[in-house]
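Undergrad: Pasting a predicted model and its sequence here:
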Amino acid sequence: MKIAINILKALEIIITAIWGIIIGIFGPISIMYYESVPKLADHYIIRVWLINSIVCYIVGTIIVMLKFYKVALCFHGVGLIVSLYIYSVFNGIYEGIEAQSPAQLYMPIIFVTILTLIITVLANYKKISERLETKKEKTFEPAPSVLGGEYQADKPEKKKK
């Protein structure tokens, strides 16, 4: 399990380095300074894309390396939602324009969320299986009898004075 987790962490670092740092930071900055679509450089969604790359994915990957998998999954989950929001806003901006939307630049980062989910499940596999076993044991416990019987026989009797 630890080997698989370490391999997935390395893959996550590579993907975050490419799409989170290089494209996620330099992409919005280059769009801000090179205006291919009118008024896109001043649009708020470019800043949202930049903040999403830094906070949700780069910080989230650092948190994965610190072994706080559930917290990192929350960061990447928020990043996934924001990436889908960015995608919808860019589709509205580029509607009717001949230029190509930069969706291929920020959508692959969603794969980092899937990797973090897999890492979290693998890291907590023992806890998950133990919880499932205890739940399974609880479902097979005999129900207490309404009429008395065995259930009351197991309880210690009170002595009358």
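TA: Okay, I see it. All values reported here derive from a predicted model rather than from experimental measurement.
Undergrad: only C-alpha atoms for contact and neighbour calcs from this point on.
TA: Fine.
Undergrad: Does anything pack onto the longest helix along the chain? Which helices or strands?
TA: If you go by DSSP state H, the chain has its longest helix at helix 69-93. For helix 69-93, the elements it packs on are helix 44-51, helix 59-65, helix 103-106, helix 110-123, judged by 3 or more C-alpha pairs under 8 Å, 6 or more residues apart in numbering; DSSP states H and E.
Undergrad: Could you tell me the least trusted of those helices?
TA: Looking at the helices and strands packed on helix 69-93, the lowest mean pLDDT belongs to helix 103-106 (a mean of 76).
Undergrad: Give me the distance between that helix and the centre of its chain.
TA: 18 Å (C-alpha atoms, centre = their mean, to the nearest Å).
Undergrad: Ok, stretch 87-107 next?
TA: 24 Å.
Undergrad: Would you mark the buried spots in that stretch?
TA: Buried positions in stretch 87-107, judged by neighbour count with 16 or more other C-alpha atoms under 10 Å: 87, 90, 93, 101, 105-106.
Undergrad: what does it rub up against?
TA: Contacts to stretch 87-107, defined as C-alpha atoms under 8 Å, 6 or more residues apart in numbering, come from residues 19, 23-24, 27, 37, 45, 49, 83-84.
Undergrad: Now, of these, which are buried?
TA: So, by 16+ other C-alpha under 10 Å, the buried ones in the contacts of stretch 87-107 are 19, 23-24, 27, 45, 49, 83-84.
Undergrad: Reformat those residues as JSON lines; add distance to Val121.
TA: JSON lines is the format used below for those (distance: C-alpha to C-alpha, whole Å):
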{"residue": "Trp19", "distance to Val121": "24"}
{"residue": "Ile23", "distance to Val121": "28"}
{"residue": "Gly24", "distance to Val121": "27"}
{"residue": "Gly27", "distance to Val121": "32"}
{"residue": "Ile45", "distance to Val121": "33"}
{"residue": "Trp49", "distance to Val121": "28"}
{"residue": "Ser83", "distance to Val121": "23"}
{"residue": "Leu84", "distance to Val121": "24"}
